[in-house]
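Student: Have a look at this prediction, sequence included:
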Amino acid sequence: MTLTSIRRFARLRRLPLLPLAMVAATVLVALFADVLAPHDPLGINPAARQMPPVFAGGSWEHPLGTDRLGRDVFSRIVLGTQISLGVAVATILLGGLIGTVLGLVAGYRGGWIDALVMRSADGFLAFPSILLALVLAVTVGPSFTVVVVVLALVLWARFARLVRGEVLAIKERDYILLARVAGAGGAYIVWRHILPNILNTLVVLCTLQVGWAIIVEASLTFLGAGVPPPTPTWGGMVAEGLDYIESAWWISVMPGLAILLVVFSYNTVGDWLRDVLDPQLRNV
Amino acid sequence: MTRLILSRLVQALATLLVTSLIVFVLARSSGSPADLVLPTDATPAERALYIERMGLDRPIAEQYLIFLRDAVQGDFGVSIRTGAPATELVFDRVGRTLLLATAGLAVALLISLPLGVMAAVHRGRGWDRFSMGFALLGQSTPAFWLGIVLILIFAVWLRWLPSSGVGGWQHYVLPSLVLGWSISAGIVRLLRSSMLEVLDAEFIKLARTKGLREPVVVWKHALRNALIPVVTFIGFMYGVIIASGVVIEVVFGWPGLGYLAYESTLWRDFPVLQLSVLVYTAIIVGINFLVDVSYGLIDPRIRT
């Protein structure tokens, strides 16, 4: 397949080529970060402190400049991909699994289980996760696990609400009633007949939550309630550069730009997947 | 109606209690709360006194009751950093946080109402693409980073606006712009889909048939009805709105509740952090209570 034919195919399918490439790139960068980073992301170099990026008078040695300790900004952004994507994937696995199971049970069973699950979901959605993260940072100390748990506490509720809604719509269909008449048990029906029908919705929701998870993780780390230094993280880098904004703006601006580009790509791909896989799904 | 108010009031109080319980349990999950609440240079005698007073040697349920008893009397301990009562520090800051949240919400409405309406009216064309692109960009921008970029442009390079602190109206411009921007994306998307639905309704066709001018149909009859889910959304998301203010307060050195919570995290000033979180929760719960009750007043079907 030539490049032209790929482009034509992409236009016909309204395929967001650039964002898809970005998404693939972030995964590869996260997997091979150690090989791809040109410098040691933790390597302090007093001789090369606060060097500007190459387009602002710097050199190709440090394409995005260096921070106040002389660490290479580009290498640190590359390594930061691991934390950002790692948190997103772990959060979505944990929150998505819990939320989906609870949503399936609430939707299929109804009654007081349904009321209980949905009431708690509302509560968790309205409660600001940032505050919980701050409390946890002081009491148990900031860590990767804390961030994932805090994010999953909000995320399960989003999954549960959506899945429950889908189950309510599906469970009255004829084939479900027939399966029940044929003697199938609840667990079998949910696993065999309902879950496969909401897989597309789940895929779309997962994709759309990656960007959200990356931004919230960065915000928590920015506040010192996320993954602690010296691990390079995008939010942590922005925070470190805040005090040097007048003399060395790139320390903050570059990692923030990385967040913007990556999250924008994931959101674009998510929107596209939604239109392709699940056109009725809106406002998630 | 009285029943609605009562049941919602009970719910609101229950939420507050649960939050206080969670914070309470977390404080005890990390070892002795004496380490969290007392300064590091506290003498053994001071420690013993604190353990005695808070009943730390008694069962945990009893400890929680002691905490509640003190809380009801307005005693939330003293700040580890300054030694002042936590209540004094916290209530000093609440007003500024609410002001910033209100300003941010106003900016958000100024941005998102025109964009959402125009997107629905010109569905699939230029305005729609622009609005949806804006919403996508808004959802993808980290608020703290946008704040730093605006400080860089308008405070450091152009020197038009102050970079941090409070004072005149100039200090409001950048923080409320960032807060407004970060809230807008969700409102634009929601308003667009709700407008699309309303514009299809019978009463809009009737309004057009009556010969009403198109702007009146769109901006008066359609928008008023399309706003209902938006108001629900804002009421529901209010907690998230003021919480995203935490990051923005830190970037702009805005001396509000969020900045206080951030500082007390850095200083491990647990009594102040605990009260900040409880006050945040009380504000959110209070707003949700008002929203619920006002729905009851507007729409009698909800009064159950």
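Tutor: Great, that's in hand. Residues are numbered from 1 along each chain as shown, chains lettered A, B, ... in the order given.
Student: top helix in the chain by residue count?
Tutor: The chain I'm using is chain A. When chain A is parsed with DSSP state H, its longest helix is helix A:73-109.
Student: right idea, wrong chain: chain B
Tutor: Per DSSP H, chain B has its longest helix at helix B:86-121.
Student: ok, the following helix or strand past the longest helix of chain A near chain B or not?
Tutor: On the C-terminal side of helix A:73-109, the closest following helix or strand by DSSP states H and E is helix A:111-126. Yes. Applying C-beta under 8 Å from any C-beta of the partner chain, one finds that helix A:111-126 is in contact with chain B at A:123, A:125-126. C-beta coordinates here come from the backbone N, C-alpha and C atoms, glycine included.
Student: Return the member of those residues nearest to B:D200.
Tutor: Closest approach to B:D200 among those (C-beta to C-beta): A:L125, at 28.9 Å.
Student: Near chain A, which residues of the stretch 201-304 of chain B are found?
Tutor: Residues of the stretch 201-304 of chain B found near chain A (C-beta under 8 Å from any C-beta) are B:236-237, B:239-240, B:242-244, B:246-247, B:250-251, B:261-262, B:264-266, B:268, B:270, B:273-274, B:276-277, B:280-281, B:284, B:288.
Student: Give the buried subset of these as a ChimeraX selection command.
Tutor: To isolate the buried ones among those in ChimeraX, judged by 16 or more other C-beta atoms under 10 Å in any protein chain shown, type:
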select /B:236,237,239,240,242,243,244,246,247,250,251,261,262,264,265,270,273,274,276,277,280,281,284,288
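Student: Quick one: neighbours of A:L208, just the number.
Tutor: For A:L208, the neighbour count with other C-beta atoms under 10 Å in any protein chain shown is 20.
Student: Look up the closest residue to it, ignoring the ones flanking it.
Tutor: Nearest residue to A:L208 in three dimensions, chain neighbours excluded: A:G270, at 3.8 Å (C-beta to C-beta, 6 or more residues apart in numbering or on different chains).
Student: May I have the secondary structure class of the one you found?
Tutor: helix (DSSP: H, G, I helix; E, B strand; the rest coil).
Student: wouldn't it be in contact with A:W212 here?
Tutor: No. Using C-beta atoms under 8 Å, A:G270 is not in contact with A:W212, being 9.8 Å away.
Student: Make a markdown table out of the residues of helix A:111-126 next to chain B and add neighbour count, distance to A:G70 and pLDDT.
Tutor: Converted to a markdown table, these look like this (neighbours: other C-beta atoms under 10 Å in any protein chain shown; distance: C-beta to C-beta, whole Å; pLDDT from 0 to 100):
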| residue | neighbour count | distance to A:G70 | pLDDT |
| --- | --- | --- | --- |
| A:G123 | 15 | 47 | 78 |
| A:L125 | 19 | 44 | 79 |
| A:A126 | 21 | 45 | 73 |
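Student: between the residues you listed, which is closest to chain B?
Tutor: When the residues of helix A:111-126 next to chain B are compared for distance to chain B (C-beta to the nearest C-beta), A:A126 wins out at 4.9 Å.
Student: got the residue ranges for the strands in chain B?
Tutor: For chain B, applying DSSP state E gives no strands.
Student: Where does pLDDT dip in it?
Tutor: Residue ranges of chain B with pLDDT under 70: B:30-33, B:36-37, B:54-56, B:298-304.
Student: Point me to the residue of the stretch 101-250 of chain A nearest chain B.
Tutor: Among the residues of the stretch 101-250 of chain A, A:P128 lies closest to chain B, at 2.9 Å counting by C-beta to the nearest C-beta.
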